[in-house]
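Trainee: No letters, just coordinates:
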């Protein structure tokens, strides 16, 4: 069995559709997905070998959804439900860059 320990969080990526203008609105698209490098490794490995994920996730609806999405890939998910919800936010630009 492969055991992976680490992050399970929500990735939020904001892709600007135009150059960012200060002090006004900028057109953008927002994408949300399950993230965390350890969770991603576990999801990739699960179809090939029994895989268990050990980690921590916030005790809220988003944490429930993240855990369910990871379990749906075939991972045996073992979590501690504590602390604040976690999310990673990235910004993408029209040229394909991200921060």
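Mentor: Looks like it came in fine. From a predicted model like this one, the values you see are computed outputs, not experimental measurements.
Trainee: Burial check on residue 23, number of neighbours?
Mentor: Residue neighbour count, defined by other Cβ atoms under 10 Å, stands at 4 for residue 23. The C-beta positions use only the backbone N, C-alpha and C, and glycine is treated the same way.
Trainee: wait, is it part of a helix?
Mentor: No. Counting by DSSP: H, G, I helix; E, B strand; the rest coil, residue 23 is not found in a helix; it is coil.
Trainee: What's the separation between it and residue 79?
Mentor: Distance, residue 23 to residue 79, by Cβ to Cβ, to the nearest Å: 41 Å.
Trainee: Kindly report the same for residue 63.
Mentor: 8 Å.
Trainee: of the two, who's got more company?
Mentor: Per other Cβ under 10 Å, whichever of residue 63 and residue 79 has more neighbours is residue 63, with 21 against 18.
Trainee: and that one, that's in a strand?
Mentor: No. Counting by three-state DSSP, one finds residue 63 to be helix, located in no strand.
Trainee: Let me know the pLDDT of it.
Mentor: Listed pLDDT for residue 63 reads 87.
Trainee: Cross-check the contact I'm expecting between it and residue 57.
Mentor: Yes. The pair residue 63 / residue 57 is scored as a contact, 4.0 Å apart, by Cβ atoms under 8 Å.
Trainee: circling back to that earlier point, check the contact lists of residue 63 and residue 79 and give me the overlap.
Mentor: Jointly contacting residue 63 and residue 79 under the rule Cβ atoms under 8 Å, 6 or more residues apart in numbering are residue 57.
Trainee: Model confidence score at the residue of the chain positioned farthest from its centre, please.
Mentor: No residue in the chain sits farther from the centre than residue 23, which is 29.3 Å out by Cα atoms, centre = their mean. Looking at residue 23, its pLDDT reads 89.
Trainee: shaky segments in this structure?
Mentor: 85-87, 93-99 (pLDDT under 70).
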